[in-house]
Every structure is written in C-alpha cells, then in structure tokens.
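Asks: Please work out how this folds:
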Amino acid sequence: MTQLFTVSSATLSESFAARQCRSASVAIGNFDGLHRGHLALVEAMQEHRLPRPWVVLTFEPHPRQFFSPAAPPFRLSNSAQKQRWLAEHKVDALLVATFDSSLAALAPTTFVETFLVQGLQARHIVVGENFVFGHKRQGTLATLRNFEARDAFRLHAVPLLNDSQTLYASSRVRELIRAGHLDAAHAILGRSFEIEGVVQKGKGLGSRLGFPTANIDPADYCQPRLGVYDVSVVRGQERLDAVASFGKRPTLGEGLSPLLELHFFDCSEALYGETLRVGFERFQRPERHYESLAALQAQITKDVALSKAYFAERTLSSASPESHRARGDEKRPIASQPL
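Replies: Numbers count the residues shown, from 1 in each chain. Predicted coordinates:
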C-alpha cells in the first residue's frame, strides 16, 4: 500500500512524513494523470534496484492552478487517484507538498536543500530529462548535478518517452480528451481517462424521460468533448457499465454548466453522496440541441442501445483466447536505460 503524506516547506524536516521517507529514492514531478512517461520514473527506480523506500514527490494544488486560478479546468487526476495507481506499482509513499506562495518563492537551491537534502535526506533523485523547478522554473538538471557533485545524492535523469507520433505528456493527453480522441489518450495514459466525483441530486428530468441518471460535477477535471460516451464505472468493489452525457444540456436552455450524467443499465439504486470513478471508454456522438423532449428521449433510447451493444461486444471479445493473447502483448516494455 502506498502511504499518502501532505507536507509544507515549513514543516517537512520535523514531520512524521520525513521520518517515514528518510534516505529514500525520490521521483519528482507533477505526475498529473500518471501517464506512461511518469511511470518510467517509477520503473527506473525498480529496474535499477534503487534503495527503498520508493517515494514520489508531487505538488497540490498543481502549480498551474496556483498561478492561473481562473484558467479552464485541466486536471487529469487527484491525489487519491495517484495514490491508488502508484500502489499498483509498489511505490511506498506519495509525498504531496502544498504549493503555496512560500514554496513558489523558493530558489531552486533552497528547494533542494529544504526538501531533498535536509528534509528527506534522499539518497537517489529520479526526474525526467526536461525537469525544471524552483522560483520561475530556474532550477534544471544542472542544479541537481551540482548537488550530486557534492555527494548530496545520486541523480538519475530518465529520457523522455514517446511513440512514433508524440511525446508522452499530460498536455498532449488533455488535447486528446478535449477532442474526444479517447484511444489516443489511453495509449499515453495506459488506462482510460477517469473522473472521480460524488453523486449529487439533479432535477429528475432523466427519470421523467425513463432514463434516471447519477450526476457528477466535473469540478477541476479536464473537460472532455461535449457529447455522449460509453463509460465503465467503479462503485466500491463493483464495476458497472453505463452510458454518459457530458455537456451543457442545450435542449434545456443556454448557459448551463457542464455536467456528467450517468445512466446505468443494471443499477436502479439512488447513489446520492456516493463517490464513483468514471472511466471514459468510447466517444459516441457530439452533444446536440433537440426541438423537444420527445426528440431527446428518442435519441437517448438510441444512445443506450448503442452503448449496450458496445459493452456486449467487448465482453465477448475479452472472453476469446485470441483477446487474452492480444492483451498479453499490449503492455509496452520500457527498455532499461543507463542511469
């Protein structure tokens, strides 16, 4: 299990988190979405048998949120999601540093001294080769190498990963999600894009149309293309198939905030207050305005039928021996790189 700790620059040195993570191998970055490029840092620690504990150091709020609070939503993950995914990769701790004005003002050398040398007494630092940090992003690999030269720690710069077309980057994932290109986003993330949120009460229109929905505010998440999706939902230990609408409900009026509405095929319970994890599997169609609720109801009937057919076909495909063999070949090996 990956432990989750929240610290600040003022309290790190004397914190329980620092004691638990002392003498660690530390991978540093924002890790938004924890895509395959991020996981390359974790895998580098494992493949080269760096000493444990293995720690990921990241920041909340995301620095971009801190500096541009009015910017459109862009997050690909929250800390709970990162913790869950890192646990799958045997990381010992996720250390979340509070990104505030004090941290933003730290000179790069002060950041290294405060967090890595004094606070964590880190033995190994693992970063991507384009890593920058500190006040005005002035810290670079050269800054870290100066500390390595003083025997403060060993530095491991991991080459950036890419496929034949694009670099594995959170910014690229956001572009793909906003365009509705889920397969391409999946290829970089290594999993489906996921929104996690609490079910809230709606106006009951879905029930009146014969398609009751569970509604989730997308909050700070990167907003996918407005439209209808096939989604796979995790509710506790249960996984449910559903059709989802992400949009502004133009048939109901103008200016409504984006909302994620889920209609389940095999669940009729009221889910108010429950936390759901919604994985976006396929983009069906863009959002459209309908002249009447009857026309909207007829279209939803078609959407549900298409979604049920999609999941039925996927279930049959995943049960075939050929599919099992194909899935075994899907994992993209990351070549061991000299560190």
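Asks: From here on, just use CA atoms for contacts and neighbour counts.
Replies: Will do.
Asks: Report the contact partners of residue 226.
Replies: 245-248, 286-287 (C-alpha atoms under 8 Å, 6 or more residues apart in numbering).
Asks: Just give the number of residues close to the closest residue to it other than its chain neighbours.
Replies: Nearest residue to residue 226, sequence neighbours excluded (C-alpha to C-alpha, 6 or more residues apart in numbering): residue 247, at 4.8 Å. Neighbour count of residue 247, defined by other C-alpha atoms under 10 Å: 21.
Asks: Correct me if wrong: residue 247 contacts residue 260.
Replies: Yes. Residue 247 lies in contact with residue 260 (C-alpha atoms under 8 Å); the separation is 6.8 Å.
Asks: picking that back up, which of the contacts of residue 226 has the most neighbours?
Replies: Within the contacts of residue 226, residue 245 tops the neighbour count with 26 neighbours, counted by other C-alpha under 10 Å.
Asks: Looking at the helix or strand that one falls within now, give me its mean pLDDT.
Replies: Applying DSSP states H and E as the criterion places residue 245 in strand 238-247. Mean pLDDT, computed over strand 238-247, is 96.
Asks: Okay, buried residues for the helix or strand containing residue 298 please.
Replies: Element membership of residue 298 [criterion: DSSP H and E] is helix 293-319. With burial defined by 16 or more other C-alpha atoms under 10 Å, the residues of helix 293-319 counted as buried are 297, 300, 303-304, 307-308, 311.
Asks: can you check stretch 51-70 too?
Replies: Buried residues in stretch 51-70 (16+ other C-alpha under 10 Å): 52-63, 65.
Asks: same deal with stretch 202-218?
Replies: 206, 211-218.
Asks: which residues are contacting that stretch?
Replies: In contact with stretch 202-218 (C-alpha under 8 Å, 6+ apart) are residues 195, 197-201, 258-264, 270-272, 293, 297.
Asks: Can you tell me which of the residues you listed are buried?
Replies: The buried subset of these (16+ other C-alpha under 10 Å) comprises 195, 197-199, 258-264, 271, 297.
Asks: one step back: of the contacts of residue 226, which is the nearest to residue 139?
Replies: Residue 139 lies nearest to residue 246 out of the contacts of residue 226, by C-alpha to C-alpha, at 39.7 Å.
Asks: On the pLDDT front, check residue 325 for me.
Replies: 50.
Asks: in its sheet, what does the strand holding residue 245 sit against?
Replies: Each strand that pairs with strand 238-247, with its direction, by DSSP bridges: strand 227-235 (antiparallel), strand 259-264 (antiparallel).
Asks: ok and it relative to helix 293-319, angle-wise?
Replies: Strand 238-247 runs at 140 degrees relative to helix 293-319, counting by axes from the mean of the first three to the mean of the last three C-alpha atoms, to 10 degrees.
Asks: How far away from the center of its chain is strand 238-247?
Replies: Chain-centre distance of strand 238-247: 18 Å, with C-alpha atoms, centre = their mean, to the nearest Å.
Asks: What residues sit buried inside it?
Replies: Buried, per 16+ other C-alpha under 10 Å, within strand 238-247: 241-247.
Asks: Low-confidence stretches in the chain?
Replies: Across the chain, the ranges flagged by pLDDT under 70 are 164-165, 254-255, 320-339.
Asks: swap the cut-off to 80 and go again
Replies: 13-14, 163-166, 253-255, 268, 318-339 (pLDDT under 80).
Asks: Domain-wise, how is it divided?
Replies: Annotated domains of the chain cover 3-158, 192-326 [automatic domain parsing].
Asks: Just put the ones you listed in a markdown table and tack on distance to residue 174.
Replies: Below are the domains of the chain laid out as a markdown table (distance: least, C-alpha to C-alpha, whole Å):
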| stretch | distance to residue 174 |
| --- | --- |
| domain 3-158 | 7 |
| domain 192-326 | 7 |
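Asks: Now do the helices in the stretch 1-150 of the chain.
Replies: With helices called from DSSP state H, counting those that start in this stretch, the stretch 1-150 of the chain shows them at 16-21, 36-47, 63-67, 79-87, 101-104, 108-111, 141-149.
Asks: What is the burial count for residue 148?
Replies: By the criterion of other C-alpha under 10 Å, residue 148 has 16 neighbours.
Asks: Against residue 51, how distant is it?
Replies: 17 Å (C-alpha to C-alpha, to the nearest Å).
Asks: what does residue 197 give?
Replies: In terms of C-alpha to C-alpha, residue 197 sits 36 Å off from residue 51.
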